[in-house]
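Peer 1: Below are the sequence and a predicted model; questions follow.
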Amino acid sequence: MTAAKRGGKRVGYVRVSTLDQNTERQLEGVAVDKVFTDKASGKDTNRPQLKAALDYLREGDVFVVHSMDRLARNLDDLRRIVLDLTRKGIPVEFIKERLTFTGEDSPMSTLLLSVMGAFAEFERALLRERQREGIAVAKNKGLYKGRKPSLSPQRAAELRSRLLAGERKASLAREFQISRETLYRYARQPHGEDSS
């Protein structure tokens, strides 16, 4: 299907880090025809909905993302995605930064993409550092208890027994509303221990 036939769409992409984060806020009040949503950790490079969005986009569409850090985890990734899309005639619009890249950008726009992307990467690194420092202070004061376990001890025991019975991991992860990584963590634990 060509962009002309389908009329050129505004295609949104949303990524949230955990299952309980609100996806509505990212593109709230922004007109889009279709939205792809990934619920994955920031460091996770396996983002099936991003791949689906990139496969879906056609020349004449506009790719709309809340912010640079929602689209890419590092500067190289950001530049590659934006350049690949704009070369295909697909502008990329970042709502938070109020920037749109079209492929006909000036050298100043290209520099701005790199600078803004570098700031987003730096901001993430600072946030992780502040989080580690906060946890260390809380641990020293005896206030840090760690993350709340994903499953109660009873649900964890049920999960382990069903894994031992040979049930499919993907189905169990969906049913228990946990990531595959969390499922594997529970599977590796001796009975009686718990996981976050």
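Peer 2: In hand now; what should we look at?

Peer 1: and the closest residue to residue 67 other than its chain neighbours, what does it touch?
Peer 2: Sequence neighbours aside, residue 96 is the residue nearest to residue 67 in space, at 3.8 Å (criterion: C-beta to C-beta, 6 or more residues apart in numbering). Yep, even glycine has a C-beta here, placed from its N, CA and C like the rest. Residue 96 is in contact with 66-68, counting by C-beta atoms under 8 Å, 6 or more residues apart in numbering.

Peer 1: and residue 96, that one's in a helix?
Peer 2: No: according to DSSP: H, G, I helix; E, B strand; the rest coil, residue 96 belongs to no helix; its state is coil.

Peer 1: gap between it and residue 90?
Peer 2: 19 Å (C-beta to C-beta, to the nearest Å).

Peer 1: now residue 180
Peer 2: When C-beta to C-beta is applied, the distance between residue 180 and residue 90 equals 31 Å.

Peer 1: now swap in residue 57 and tell me
Peer 2: Counting by C-beta to C-beta - residue 57 and residue 90 are separated by 5 Å.

Peer 1: repeat for residue 97
Peer 2: Residue 97 sits 18 Å away from residue 90, going by C-beta to C-beta.

Peer 1: Compare the two (neighbour count), which wins?
Peer 2: It is residue 90, of residue 97 and residue 90, that has more neighbours when counted by other C-beta atoms under 10 Å, with 23 against 18.

Peer 1: List the contacts of that one.
Peer 2: With C-beta under 8 Å, 6+ apart, residue 90 has these contacts: 57-63.

Peer 1: what's the answer for residue 36, then?
Peer 2: If you count contacts by C-beta under 8 Å, 6+ apart, residue 36 has them with 11-14, 49-50, 52-53, 56.

Peer 1: and with 10 Å instead?
Peer 2: If a contact means C-beta atoms under 10 Å, 6 or more residues apart in numbering, then residue 36 has 11-15, 47-57, 63 as its contacts.

Peer 1: Make sure I have this right: it is in a helix.
Peer 2: No: under the criterion used here (three-state DSSP), residue 36 is strand, not part of a helix.

Peer 1: State the number of residues packed around residue 144.
Peer 2: If you count neighbours by other C-beta under 10 Å, residue 144 ends up with 12.

Peer 1: Understood, closing this out.
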